[in-house]
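Enquirer: Sequence and predicted structure below; questions after.
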Amino acid sequence: MSYVLSNISAFRFHRVPPQVLALCPPIPDEDCDRQRLLLRQDLLVNHVLGFPLHTLVLNRKERTNPALIEHHLWSSSLPPKAIWETDHGVQLASPLFTLLTVAPYVSETQLLMMAYEMCGTFAVFKPSDLMEKALKDAYESHQIPKDYGWRRSSNQKGEATNLWQRPPLIQLNDLLDFAESNRGLRGGKKLLNAARRVSGITASPFEVQASMLFGLSWRLGGEGLSYFENNYEIALDQKAKKIVDKEKVYADLHFVSADGDRSVIVECQGATEHGKVDAGIRDADRVTALQSMGYDVVLLTFKKMSDKESFHTVAEMLANKLGYPYRAKTEAMKARESDLRRELLIDWATLGEF
């Protein structure tokens, strides 16, 4: 019998690039490895999924207390297409079902962060030293292609990072429909709250962090500036096209004023992708192109976002530009913001650990 990965183990599996999965042998079958001797040595479990391995069981008789395994009983009917087959000797909770199974075990903030990642065009995966070497050797020997639909980002020095670009695992409408349909199940209400707060499709943790800090209500620790779109498509006019040699660009966060007559673009200037030297030139040209079309562009660095007072200055400036009221926070609001920042501004590779 194969394991059914759920909860944090399923979330970690969904983060693994196919380039890495291609190097991993199947996880040993449970019936053929009663003592877990093979499981203890398995590459994917040891270097990615970790112990205990979180698995789903459908009846109480299966809910034993084996070493290295954390069984989670699911006594309700399974949602449609909740369990996926894999090529790695295990079954797997689908991305939507993964969020539902993990919801009871993480905070609302972390669940929202996980939902953003699964709905976004990125994943954060940190290969172990062994996997890093195996990837390098496999690329050099042409054992596997570098592009499986997932592309690894690099930093300003051209070094590989833990940020991977890939197509979204979940569509926003599907997340809302799934959360609505399963709101009565354990963790369902929390998932529905998270689904309603995902502002759009993001391309990096930085964009998620900025979206949550700007967009969440003051009650939740944010700035309450929720009138924006993520990765907003802008068709360039002829003058702007000559500057960037593109037909269109995408704004990280596109805010609209209270009267609808003005818009402000916030560009997240991170250390990866946008931070590369050649990308920096493209970003400068892009800002010039957008300004030539009358857009007001605000550049946000991670350092500026991480510093609470600096971020408040940006938020107040943004509110003034857009015609929204901005007032000082109460002590209770400041405490909620500190709580949000404590959970949000983390090493994203550790997201969901419990």
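Expert: Arrived safely. Model, not experiment: these values are computed from the prediction.

Enquirer: quick one, domains of this protein?
Expert: Annotated domains of the chain cover 4-93+121-167, 200-350 [automatic domain parsing].

Enquirer: Need the ones you listed in TSV (columns: distance to Gly188 and mean neighbour count).
Expert: Every C-beta, even on glycine, is put in place using the N, C-alpha and C of the backbone. Shown next, in TSV, are those (distance: least, CB to CB, whole Å; neighbours: other CB atoms under 10 Å):
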stretch	distance to Gly188	mean neighbour count
domain 4-93+121-167	10	16
domain 200-350	19	17
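
Enquirer: And these: which comes nearest Ala194?
Expert: Judged by CB to CB, the one of the domains of the chain that comes nearest to Ala194 is domain 200-350, at 11.0 Å.

Enquirer: Pretty sure Leu163 sits against Ser153.
Expert: Yes: at 4.2 Å, Leu163 counts as touching Ser153 under the criterion of CB atoms under 8 Å.

Enquirer: What distance do you get for Cys333 to Pro52?
Expert: Cys isn't right for residue 333; it's Met. 38 Å (CB to CB, to the nearest Å).

Enquirer: just Arg327 next, same as before
Expert: In terms of CB to CB, Arg327 sits 47 Å off from Pro52.

Enquirer: Over to Phe125?
Expert: Distance from Phe125 to Pro52, by CB to CB: 20 Å.

Enquirer: What of Asp307?
Expert: Where Pro52 is concerned, Asp307 sits at a distance of 38 Å (CB to CB).

Enquirer: do Gln19 as well
Expert: If you go by CB to CB, the gap between Gln19 and Pro52 works out to 26 Å.

Enquirer: Spatially central, which residue of this structure would that be?
Expert: Glu117 (1.8 Å; CA atoms, centre = their mean).

Enquirer: quick one, phi psi at that residue?
Expert: When read as degrees, to the nearest 10, the backbone of Glu117 gives phi -60, psi -50.

Enquirer: Which strand or helix spans the spatially closest residue to it that is not a sequence neighbour?
Expert: In this structure, Glu117 finds its nearest non-sequential neighbour in Ala123, 6.4 Å apart by CB to CB, 6 or more residues apart in numbering. Element membership for Ala123 (DSSP states H and E) is strand 122-124.

Enquirer: Name the residues that touch that strand?
Expert: By CB atoms under 8 Å, 6 or more residues apart in numbering, the residues outside strand 122-124 that reach it are 14-15, 17, 117, 150, 162-166, 202-205, 348-349, 351.

Enquirer: Return the subset of these lying in helices.
Expert: Among the contacts of strand 122-124, the members falling in helices (DSSP state H) are His14, Glu117, Pro205.

Enquirer: Would you check how far apart the residue nearest to Ser263 when sequence neighbours are not counted and Phe11 are?
Expert: Nearest residue to Ser263, sequence neighbours excluded (CB to CB, 6+ apart): Val256, at 5.3 Å. Distance of Val256 to Phe11, given as CB to CB: 34 Å.

Enquirer: Sketch out the strands for the stretch 151-300 of the chain, chain order is fine.
Expert: 151-154, 160-165, 228-235, 248-256, 263-269, 296-301 (DSSP state E, counting those that start in this stretch).

Enquirer: Which residues are in contact with the residue nearest to the centre of the chain?
Expert: Arg15, Ala123, Val124, Pro205, Val208, Leu351.

Enquirer: In the stretch 51-200 of the chain, mark out all the helices, start to finish.
Expert: Ranges of helices in the stretch 51-200 of the chain, per DSSP state H, counting those that start in this stretch, are 95-102, 108-119, 129-140, 172-181, 188-197.

Enquirer: for this protein, which spans come out with low pLDDT?
Expert: Within the chain, the segments meeting pLDDT under 70 span 1, 61-65, 271-282, 354.

Enquirer: Can you give the distance from stretch 331-346 to the centre of its chain?
Expert: Using CA atoms, centre = their mean, to the nearest Å, the mean C-alpha position of stretch 331-346 is found 19 Å from that of the whole chain.

Enquirer: Which residues does that stretch contact?
Expert: Residues contacting stretch 331-346 (CB under 8 Å, 6+ apart): 107, 109-110, 113, 209, 212-213, 216, 218-222, 306, 308, 329.
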